[in-house]
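*Asks:* this is a predicted model, with the sequence first.
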Amino acid sequence: MNLPRRTFLGTLLASTLPGVAGQERASGASVINETWFDAARQREMPVTVRWPDASVKQVVPIPVVLFSHGLGGTREGGAVWGQAWAAAGFVVLHLQHAGSDLAAVRDVTNTFADKQALRRAATPAQLLARLRDVSFALDEIGRRHAARQERWAAVRPTQVGMSGHSFGAHTTLGMAGQRYPGFAGVTEPRLASFIAFSPSLPAAGDARQAFELVTRPMLCITGTRESAVAGVGATPERRMAVFAALPAGNKAQLVLQDADHMSFAGQTGRAVEIVPREAVTRNLQAAQHALVAAITTDWWRATLLGDTSARQRLAAPAGLGQGDHWHRDFQ
């Protein structure tokens, strides 16, 4: 991770919102909760590691995918996606970011309806901390791999996938090279492909210039009922516009009809009922989760493993519902 010496004055982009903790439901794959410690920053980082089921035919070395939760979330965020990716043979590492996790939000408010408090918890400093969390996670994966520590000896510490929801989408775009006012951005060659769940345009400035260096494969996923939950103007249109603002040639976008912000947190039950939701969205959730799991798994297989069959499926994904849109701009 290459950070400039000058003070980070970047402003957070349009929307950040929660993906709070839900119940662990993984089966088959081995799921381990650990707390990693970054000695350089004296910072603990809770993580959940999903190891593929031993019965799944493995690609060796095993590819790794990271997931970053939204504001007010925990390492349980993205569980639905993580289960699907682990079932497909990926090691999935769910990160928890102190300072913008559930505990941090509880320190400032007792409800996710308090948009002003949420905005206070989503600062440029917290975004920078998240970017450094990802860099530390990559360092730790590399250290464990080099030390041949248990199953980590079999993983691939480079050509890693990076993904995240909401504030985690900001984190993902930041790790992919997004620029900010006063901050030239991150250079992280160990990351090879990205998925941004519920991204949004920069709050100010030229989006095309901000995304100019985001040239590695990027999949954006959003819905027609994505609201500005933190009260900073992240409309469905501004979320969909991220795709157009990205450089041409290595990107795709999935827009789901009637999906809302919590449709993409990768959780179920009480975890996604922290904000008001429409009945139509709840009724579509199971089918949309299955569709997103399938498309994102093919995305990782195509971009991280060079799987030609997965790439062919991405030309016209099966299972799109009425009103869903798939936009593809890659070879």
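*Replies:* Alright, I've got the coordinates.
*Asks:* quick one: contacts for Gln159?
*Replies:* Pro63, Arg190, Ala192, Leu304 (C-beta atoms under 8 Å, 6 or more residues apart in numbering). (Glycine included, C-beta is placed from N, CA and C.)
*Asks:* got JSON lines for those residues, with secondary structure and distance to Ala87 too?
*Replies:* Formatted as JSON lines, the contacts of Gln159 follow (DSSP: H, G, I helix; E, B strand; the rest coil; distance: C-beta to C-beta, whole Å):
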{"residue": "Pro63", "secondary structure": "coil", "distance to Ala87": "14"}
{"residue": "Arg190", "secondary structure": "coil", "distance to Ala87": "24"}
{"residue": "Ala192", "secondary structure": "strand", "distance to Ala87": "21"}
{"residue": "Leu304", "secondary structure": "helix", "distance to Ala87": "15"}
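*Asks:* can you convert those residues into CSV and add a column each for distance to Ala310?
*Replies:* Listed next are these as CSV, based on distance: C-beta to C-beta, whole Å:
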residue, distance to Ala310
Pro63, 13
Arg190, 22
Ala192, 15
Leu304, 10
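*Asks:* can you pick the most crowded of the residues you listed?
*Replies:* With neighbours taken as other C-beta atoms under 10 Å, the top of the contacts of Gln159 is Pro63, carrying 25 neighbours.
*Asks:* pLDDT at that residue, what is it?
*Replies:* pLDDT for Pro63: 97.
*Asks:* and what of Gly177?
*Replies:* If you check Gly177, the pLDDT there is 97.
*Asks:* tell me how many other residues crowd it.
*Replies:* If you count neighbours by other C-beta under 10 Å, Gly177 ends up with 21.
*Asks:* what do you get for Leu314?
*Replies:* 20.
*Asks:* helix or strand: which one has it?
*Replies:* In the assignment (DSSP states H and E), Leu314 maps to helix 308-315.
*Asks:* buried sites along that helix?
*Replies:* Ala310, Arg311, Arg313, Leu314 (16 or more other C-beta atoms under 10 Å).
*Asks:* ok, so of these, who is nearest Trp36?
*Replies:* Using C-beta to C-beta, Ala310 is the member of the buried residues of helix 308-315 that sits closest to Trp36, with 30.7 Å.
*Asks:* from Leu246, how far out is the closest one?
*Replies:* Per C-beta to C-beta, to the nearest Å, Ala310 is found 21 Å from Leu246.
*Asks:* any idea which helix or strand comes after the lowest-mean-pLDDT helix or strand in the chain?
*Replies:* The weakest-scoring helix or strand in the chain, judged by mean pLDDT, DSSP states H and E, is helix 115-121 (a mean of 77). Next helix or strand after helix 115-121 toward the C-terminus (DSSP H and E): helix 124-146.
*Asks:* mind giving me the packing neighbours of that following helix?
*Replies:* strand 30-38, strand 43-51, strand 64-68, strand 91-95, strand 160-165, helix 167-176 (3 or more C-beta pairs under 8 Å, 6 or more residues apart in numbering; DSSP states H and E).
*Asks:* list the strands paired with the third one, with their directions.
*Replies:* It refers to strand 64-68. Here strand 64-68 has these sheet partners by DSSP bridges: strand 91-95 (parallel), strand 160-165 (parallel).
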